[in-house]
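Asks: sequence and computational prediction follow.
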Amino acid sequence: MYFKRQFNQRKAIRFRQFSRKGYALFACLGRVVTIGVLSVATLRSAAVTTDSVSVVGDVYVVGDSVANTPDKEATLDDVEVTGSRAPLALGQAARMVTVLTRDDIQAAPVQSINDLLKMAIGVDVRQRGPLGAQTDVGIRGSTQEQITILLNGINICDPQTGHNAFDLPCDLSDIIRIEVLEGPASRVYGTSSLVGAINIVTNDGKSKRSEVRVEGGSFGYLSAAAKLSIVNSQLSINYTRSDGYQRSKAGALNSDYSGVKAFYQGAYTKEQIRLNWHAGISSKGWGSNTFYSARYDEQYEHTTKLFTALQGETEGFIHFRPAIYWNRSYDRFELIRGSEAKVPFNHHRTDVFGINLNSYFDWQWGRTALGAEFRNEDIVSGNLGEPLNNPHGHYKYGLNRSNLSFYLEHNLLLKKFTISAGLITVKNTWNEMPFTLYPGIDASLRLGDHWKLYASYNASLRMPSFTELYYSVGGHKADKYLKAEEMQALEGGVKYSSRWLTVHTSIFHHHARNMIDWVMDTRNADPVWQSVNHTKINTLGEEITLNSQLSSLNFQLSYCHLHQSKDEQPFLQSQYSLEYLRHKMTAQVQMHLWEAFDLTLNYRWQDRMGSYTTVDGEVRAYHPYSVVDARLSWDQAGYAIYLEGNNLTNHRYVDYGNVVQPGCWITAGIKLKVSDFWGD
């Protein structure tokens with residue numbers, strides 16, 4: 001397994017490979033974030049309290065010592081430490097960030113990024129279909145609309161709906177880490193990061209590893225992927241299909257899946273200028289059985305998404321980090337699969353264009369960051385928006401809105417104490433929203449070599465999606481005058497770190513107003529789902545995570561408890577905001593068995609609040625359930641063979657409405673590491 005060495009070097013190190021990448025989530029936190037990682041833990045917190053540099057597998061951890069020591073540079077392979085929007089000399093982060101590393105991804109018994117996030121203790125993954133067909137992802141009691149999804153630091157949220165936010169173009173093998181920021185981050189990301197952010201960081205194109213992977217398993221599952229790395233660029237292609245795990249009452253496939261994705265990324269460096277770019281496509285279709293209505297069990301949806309981005313960085317007294325991006329999405333929903341004559345299909349196309357400029361500079365009183373972003377969101381649709389002057393094809397309606405934001409952040413460092421304070425001011429053209437200010441402040445105190453205390457206050461907002469504003473078909477009635485959601489959050493925590501044990505605990509309180517949800521008045525004879533602004537919702541939560549590393553056995557145990565309170569009428573049924581995870585517990589064990597044999601075991605137990613209505617009109621409460629996943633692998637220099645089992649207890653649980661999840665799912669695969677055969 002892994003061996004952790006301690007080096008008592010009281011100096012700061014900036015790692016050349018990752019420290020200057022502006023696309024990292026940490027780049028928006030206003031400080032260098034040092035990743036304190038227990039090499040075995042599936043999920044890790046980005047913080048450290050020791051005065052040392054620790055080597056943990058591929059991860060190097062820089063400790064805190066002297067506040068303003070000049071950075072030294074070192075070239076180290078596969079170092080997963082990133083810079084920030086306003087990088088500090090020694091990485092004294094006040095906010096905790098959960099990090100899923102490349103080693104964790106390779107060892108996890110999963111087939112999609114969505115499945116990886118299930119083990120993040122503060123993340124709520126409500127999966128409607130396997131293989132990443134469609135998944136609603138929230139953080140700390142939020143809905144899928146209230147978090148920001150980023151690809152290499154680029155906001156890829158779809159303003160149409162958050163249901164398809166994880167239609168990513170990259171393969172699992174492209175990802176070097178996933179970063180999860182829990183808590184409001186609007187002063188960083190603007191109008192979509194109400195309760196947190198998830199950043200998918202891919203290889204920057206400099207990797208020399210090429211590989212081929214083939215796997216198959218239960219329910220007609222087959223996946224083939226290839227990755228080619230040449231001259232500072234990388235191309236990956238993936239095809240996946242499955243017959244699904246159930247059929248409709250008429251005997252037709254209604255949970256099948258078929259999709260293809262391709263992703264290209266590259267990098268260019270010359271003197272004091274660096275460029276990174278990516279382009280990708282994701283196209284897939286899946287049987288949606290009863291995803292949106294329990295009355296119809298042969299629903300179907302097809303989406304195609306295009307992603308492009310160009311990012312740069314310059315050196316000098318003022319460091320500039322500009323970025324420009326464009327994303328396009330197509331969505332077709334069929335209430336009755338293949339029968340448009342009976343019920344017209346829903347067609348949507350969204351275009352998102354953005355440009356931002358981040359910068360930072362040093363002066364006598366610390367390091368200051370400032371910048372601005374412009375983002376334009378446009379949709380043409382068969383049923384969303386205002387009537388078009390010139391309808392064309394399937395598109396008869398449309399809407400365009402723009403968002404302009406400016407931010408300012410300053411970081412003050414003392415030897416054992418760090419303060420990072422900032423604000424963002426936002427203006428959106430929708431409903432003539434004026435410039436509105438959202439502040440935040442983070443602080444941390446380091447006590448000795450092992451303890452760290454931190455606290456933060458942040459305010460945030462989120463603009464409503466186009467679906468929330470205009471979707472008034474199929475038993476739904478939207479309100480185009482919805483207000484923006486707003487939140488104020490307090491958080492405090494403590495972390496203890498030693499060579500063999502890491503314990504992190506935190507408590508947080510969210511006060512939200514104008515929260516958007518779809519609710520149904522069950523008193524009506526023919527009730528419909530209506531989009532509304534809830535008045536106020538308060539969330540109180542606690543989290544605790546324990547990591548332990550022992551020789552060839554590594555263990556992590558995490559628990560999260562949430563309580564939401566709102567003056568809700570008993571006859572109102574909520575679709576999202578009051579269906580939160582009251583309890584969530586996860587446990588992970590990684591064991592080195594013999595020679596190249598490794599075993600990973602994941603356990604997850606959840607208890608969700610709320611209820612759903614069956615096709616017969618019966619209201620049922622969600623029940624607690626547990627899931628056990630496992631992965632057995634034989635990993636050699638040039639190849640790897642593995643066997644995975646998901647939901648080994650074969651529990652057919654319900655985590656969203658009338659959508660029953662599959663039972664036991666077995667997968668076997670082989671991966672050839674082509675570059676290792678030819679020699680790096």
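Replies: Happy to help now that I have it.
Asks: can you show me the strands along the stretch 401-550 of the chain?
Replies: Counting by DSSP state E, counting those that start in this stretch, the stretch 401-550 of the chain has strands at residues 417-428, 433-447, 451-462, 476-477, 485-497, 501-521, 529-550.
Asks: now the longest one against strand 485-497, angle please.
Replies: Interaxial angle of strand 529-550 relative to strand 485-497 (axes from the mean of the first three to the mean of the last three CA atoms, to 10 degrees): 10 degrees.
Asks: likewise the second one?
Replies: Relative orientation of strand 433-447 with respect to strand 485-497: 10 degrees, computed using the same axes, to 10 degrees.
Asks: so what does strand 433-447 touch, helix or strand wise?
Replies: helix 186-189, strand 417-428, strand 451-462 (3 or more CB pairs under 8 Å, 6 or more residues apart in numbering; DSSP states H and E). Every C-beta, even on glycine, is put in place using the N, C-alpha and C of the backbone.
Asks: those: which one's closest to residue 580?
Replies: strand 451-462 (16.6 Å; CB to CB).
Asks: mean pLDDT, mean neighbour count and distance to residue 607 added to the helices and strands packed on strand 433-447, as a markdown table?
Replies: Output for the helices and strands packed on strand 433-447, formatted as a markdown table (pLDDT from 0 to 100; neighbours: other CB atoms under 10 Å; distance: least, CB to CB, whole Å):
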| stretch | mean pLDDT | mean neighbour count | distance to residue 607 |
| --- | --- | --- | --- |
| helix 186-189 | 77 | 27 | 30 |
| strand 417-428 | 90 | 20 | 35 |
| strand 451-462 | 92 | 21 | 26 |
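Asks: can you put the ones you listed in a markdown table and add distance to residue 555?
Replies: Rendered in a markdown table, the data for those read as follows (distance: least, CB to CB, whole Å):
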| stretch | distance to residue 555 |
| --- | --- |
| helix 186-189 | 33 |
| strand 417-428 | 31 |
| strand 451-462 | 22 |
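Asks: looking at those, which is nearest to residue 151?
Replies: Comparing the helices and strands packed on strand 433-447 by their distance to residue 151 (CB to CB), the top pick is helix 186-189, with 13.0 Å.
Asks: identify all contacting residues around that closest one.
Replies: Contacts made with helix 186-189 from outside it, assessed by CB atoms under 8 Å, 6 or more residues apart in numbering, are listed as 28-29, 85, 148, 150, 155, 193-194, 197, 407, 409, 422-424, 426, 438-440, 458-462.
Asks: buried residues in stretch 637-655?
Replies: Judged by neighbour count using 16 or more other CB atoms under 10 Å, the buried positions of stretch 637-655 are 639-640, 642-648, 653, 655.
Asks: and these, which is the shakiest by pLDDT?
Replies: On pLDDT alone, residue 655 ranks lowest of those, at 86.
Asks: let's verify it: helix, strand, or coil?
Replies: Per DSSP: H, G, I helix; E, B strand; the rest coil, the local secondary structure of residue 655 is strand.
Asks: for the nearest residue to it once chain neighbours are set aside, grab the count of nearby residues.
Replies: What sits nearest to residue 655 in space, not counting adjacent residues and going by CB to CB, 6 or more residues apart in numbering, is residue 126, at 5.4 Å. Under the neighbour criterion other CB atoms under 10 Å, residue 126 is assigned a count of 20.
Asks: OK, contacts around residue 126?
Replies: With contacts taken as CB under 8 Å, 6+ apart, residue 126 has the following neighbours: 135-138, 144, 655-656.
Asks: that one bridge partners, please.
Replies: The residues listed as beta-bridge partners of residue 126 by DSSP bridges are residue 136.
Asks: quick one: residue 288 from residue 188, how far?
Replies: 34 Å (CB to CB, to the nearest Å).
Asks: how about residues contacting stretch 264-282?
Replies: Stretch 264-282 is touched from outside by 20-21, 23, 151-152, 167-170, 174, 202-206, 232-235, 259-263, 303-316, with contacts defined as CB under 8 Å, 6+ apart.
Asks: check stretch 529-538 too.
Replies: With contacts defined as CB under 8 Å, 6+ apart, stretch 529-538 is touched by 464, 468-469, 471, 475-479, 482-483, 485, 509-521, 564-567, 575, 577.
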